[in-house]
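Asker: here is a sequence together with a model predicted from it:
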Amino acid sequence: MILNNKKDFDKIPSIFKNVDFSSAVSVEINALNQVKVKEGDCVVVEVLETENKRAYIESINGDISVATEGDILPVVLGYRKATLEFAGVVTDSISSDDILYLLGSAGVAGKVTGIFPEWGNPMPIKVLGIITNNDGKILNLFDFTLPKIPIQSNPAATIALIGTGMETGKTTMACNIIRAFSETGKKVVAGKLTGFAFLEELILFQNAGAQSVLDFVDMGFPSTCGNDINNIISSSLNIINHFQANQPDLIVLEFGDGLIGSYHVLDILKYLKQHQMIDIHILSASDLCGIQGAKSVLSGLGIEIDLVTGVIANSQMGIDLIQEHFSLPAESNQDNIKQLYKLINNKMKNLKNYG
């Protein structure tokens, strides 16, 4: 079966944002028997059941639709280790009619290893075939990565937004920063270095005014919780290099998931600290204990928290307690970021003067 255009699929998830299906790509639907696969490999599946399942599909333009039984979809094999949603892994091999599960709306699939009950149940999908290139090799996200470029020299301020966990307000504050500086005419770029594929956050960055957005998917990774630590760190560096090549005034980097987890946040932060690539570290937290833990972990890397935000800082009481217990500046992500704006603006001026 030859795929000449996107019409051969009922829906195309956002994980394929960089994949060109107009080139000669074939789907092997002959009986697959224990075909070796790896993270990033592209597979064609059929939706088996949607009732009472998480059947949402995020499209390449960010729209959300609901899959129906019998839909034919391309998916990417990947890992997920979310504590509040699904967890899953890539199997060593696949065969025709194997049952996998959709691990997220962006189109990452795998064998389920964990479910957070309040999130719902994953959607089962049946393996139909593998997608191959002209050489008969299984198509992989790594085939569509941005080129590796050398470290760039540019005095742009680089901001890291890190959290004590999922859903702490990192993206909200990132958008506030992007909006505040882009409205003053500054060239802002923004991306995600860690997490699980989801296009919505990059679209939010664009809508806030970011002139360029990238994430680990642009480097060939469906998530950053796999075992290829060295290449995950290298992909983060390459994202920053591509941003620097655009000669921005400000680089905003969000780290998906929490400091302590399976997405290699600490590994990347350690590398970036050693190479002095982050100018300001902003912590997004839900409670005071989370701040204490993050402060302890980050201090072990030689990293100081420059400002606290997130759920805990969205009330004056929370801000007062942060200052009382940690002597750290704090600011809500729901209001004008006057304090953080001044902090970042001063850093930008110092870097420009130094450069």
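Answerer: Perfect, thanks for sending it.

Asker: and Gln339, how far is that from Ala157?
Answerer: Separation of Gln339 from Ala157 (CB to CB, to the nearest Å) stands at 16 Å. (C-beta placed from N, C-alpha, C; glycine too.)

Asker: low-confidence ranges, the stretch 251-355 of the chain, go.
Answerer: Within the stretch 251-355 of the chain, the set of residues satisfying pLDDT under 70 comprises 352-355.

Asker: hmm, try it at 80
Answerer: Under the criterion pLDDT under 80, the flagged ranges of the stretch 251-355 of the chain are 351-355.

Asker: need the strands for the stretch 251-355 of the chain, in chain order.
Answerer: With strands called from DSSP state E, counting those that start in this stretch, the stretch 251-355 of the chain shows them at 280-284, 307-309.

Asker: give me the more crowded residue out of Gln339 and Ala157.
Answerer: Neighbour count, other CB atoms under 10 Å: between Gln339 and Ala157, Ala157 has more, with 24 against 15.

Asker: partners of that one in the sheet?
Answerer: Residues in a beta bridge with Ala157, per DSSP bridges, are Leu250.

Asker: for Pro13, same thing?
Answerer: With DSSP bridges as the rule, Pro13 is bridged to Ser59.

Asker: one step back: out of the strands of the stretch 251-355 of the chain, the one nearest Asn52 is which?
Answerer: Nearest to Asn52 among the strands of the stretch 251-355 of the chain is strand 280-284 (32.7 Å), distances taken as CB to CB.

Asker: Asp92 and Val37, how far apart?
Answerer: From Asp92 to Val37 the distance is 7 Å (CB to CB).

Asker: between these two, who's got more neighbours?
Answerer: A count of neighbours by other CB under 10 Å puts Val37 above the other of Asp92 and Val37, at 20 against 9.

Asker: which ones are touching the more buried one?
Answerer: Listed by CB atoms under 8 Å, 6 or more residues apart in numbering, the contact set of Val37 reads Val43, Leu77, Val90, Thr91, Asp92, Ser93, Ile94, Ile130, Ile138.

Asker: out of the residues you listed, which is nearest to Gln276?
Answerer: Using CB to CB, Val90 comes nearest to Gln276 of these, at 34.8 Å.

Asker: wait, isn't that closest one in contact with Lys38?
Answerer: Yes. With contacts counted by CB atoms under 8 Å, Val90 reaches Lys38, the gap being 6.5 Å.

Asker: intersection of neighbour lists for these two?
Answerer: Both Val90 and Lys38 are contacted by Leu77, under the criterion CB under 8 Å, 6+ apart.

Asker: higher neighbour count, those two?
Answerer: Neighbour count, other CB under 10 Å: between Val90 and Lys38, Val90 has more, with 23 against 15.

Asker: from Pro248, how far out is that one?
Answerer: Counting by CB to CB, the separation of Val90 from Pro248 is 35 Å.

Asker: quick check: end-to-end length of stretch 257-271?
Answerer: Using CA to CA, to the nearest Å, one end of stretch 257-271 lies 18 Å from the other.

Asker: now do the same for the residue lying closest to Gln152 once chain neighbours are set aside: its pLDDT.
Answerer: Spatial nearest neighbour of Gln152, excluding adjacent residues (CB to CB, 6 or more residues apart in numbering): Gln244 at 3.5 Å. You'll see Gln244 listed with a pLDDT of 95.

Asker: do Met1 as well
Answerer: So Met1 comes in at 56 (pLDDT).

Asker: nearest to Tyr101, of the strands of the stretch 251-355 of the chain?
Answerer: Nearest to Tyr101, of all the strands of the stretch 251-355 of the chain, is strand 280-284, at 29.6 Å by CB to CB.

Asker: what's near enough to touch Ala109?
Answerer: Neighbour list for Ala109: Val43, Val45, Val75, Val76, Leu77, Gly78, Gly88, Leu100, Tyr101, Leu102, Leu103, Ile125 [criterion: CB under 8 Å, 6+ apart].

Asker: what residues does the closest residue to it other than its chain neighbours make contact with?
Answerer: Using CB to CB, 6+ apart and skipping residues adjacent in sequence, the residue nearest Ala109 is Val75, 4.0 Å away. Going by CB under 8 Å, 6+ apart, Val75 touches Pro13, Ile15, Cys42, Val43, Val44, Val45, Leu100, Leu102, Gly107, Val108, Ala109, Ile125.

Asker: swap in 6 Å and give it another go.
Answerer: Contact analysis of Val75 by CB atoms under 6 Å, 6 or more residues apart in numbering lists Val43, Val45, Gly107, Ala109.

Asker: now do the strand or helix carrying it: distance to the chain's middle.
Answerer: Assessed by DSSP states H and E, Val75 sits inside strand 72-77. On the basis of CA atoms, centre = their mean, to the nearest Å, strand 72-77 sits 19 Å off its chain's mean C-alpha point.
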